[in-house]
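1. Got a predicted structure here, sequence first:
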Amino acid sequence: MNFNQKQLSNLPSISICKKSKCKQQRIELIKQFLAGSKSEIQMLRQNKNLYIVQQTELHVFRINNTFYSPAGLITYYPSKQAGFVPSGDFKLSKLDEAPNMLTLSEATYALREQMAKYNVAAITKVNEESLNIIFGGIADNHWGL
């Protein structure tokens, strides 16, 4: 794309729908997701081993600090200076070398299917009662619950 600085600074205002109809559509999508994935959300809340589920595609996803793909797993450890993940500190694993990681993959499969259906990019667990559910889109897409 070929944007000048002024166009770039105005891009969020141009691309984000601020009409009531757009907001209502987002709220309706959230309600549908919560109703349609009630048991999967409950599983996430109760599973003490899960705190992040992020999905790019059904077979390319992140659970906690491990990134899954058909080619293998990459488990990242928080960076020493700032605690960032991903970081330069990681471990590569083949799928068959990490059975405990595959267990988490299987446990989240139904949730990830629901996430794909409703365009949910990620869910982070704050505690058993609070989740952050992040829907796909440009800006204004973080709805904490």
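-> That came in fine, so what should we check first? These numbers were taken from a predicted model, which means no experiment stands behind them.

2. Just give me the longest helix of this structure.
-> Using DSSP state H, we find that the single longest helix of the chain is helix 20-36.

3. List the buried residues of it.
-> 26, 30, 33 (16 or more other CB atoms under 10 Å). Quick note: C-beta positions are derived from backbone N, CA and C, even for glycine.

4. Roughly how far does the first one sit from Leu131?
-> With the distance defined as CB to CB, to the nearest Å, Arg26 ends up 17 Å from Leu131.

5. just to revisit the earlier point, let me have the buried residues of helix 20-36 in a markdown table, extended by distance to Tyr118.
-> Rendered in a markdown table, the data for those read as follows (distance: CB to CB, whole Å):
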| residue | distance to Tyr118 |
| --- | --- |
| Arg26 | 11 |
| Ile30 | 8 |
| Phe33 | 4 |
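
6. rewinding a little: identify the residues contacting the longest helix of the chain?
-> Residues outside helix 20-36 that contact it (CB atoms under 8 Å, 6 or more residues apart in numbering) are 41, 114, 117-120, 133, 135, 143, 145.

7. Please apply the same query to stretch 70-81.
-> 59-60, 65-67, 84-95, 98, 101.

8. rerun at 10 Å
-> For stretch 70-81, the surrounding residues in contact (CB atoms under 10 Å, 6 or more residues apart in numbering) are 59-60, 62-68, 83-98, 101-102, 105.

9. Stretch 86-95 now?
-> With CB under 10 Å, 6+ apart, stretch 86-95 has contacts from 62, 65-81, 98, 101-102, 105.

10. picking up where we left off before, which of the contacts of stretch 70-81 count as buried?
-> Judged by 16+ other CB under 10 Å, buried ones among the contacts of stretch 70-81: 62-68, 85, 98, 101, 105.

11. Setting aside sequence neighbours, what's the nearest residue to Leu111?
-> Glu40 (3.9 Å; CB to CB, 6 or more residues apart in numbering).

12. Distance check, that neighbour against Ile52.
-> From Glu40 to Ile52 the distance is 15 Å (CB to CB).
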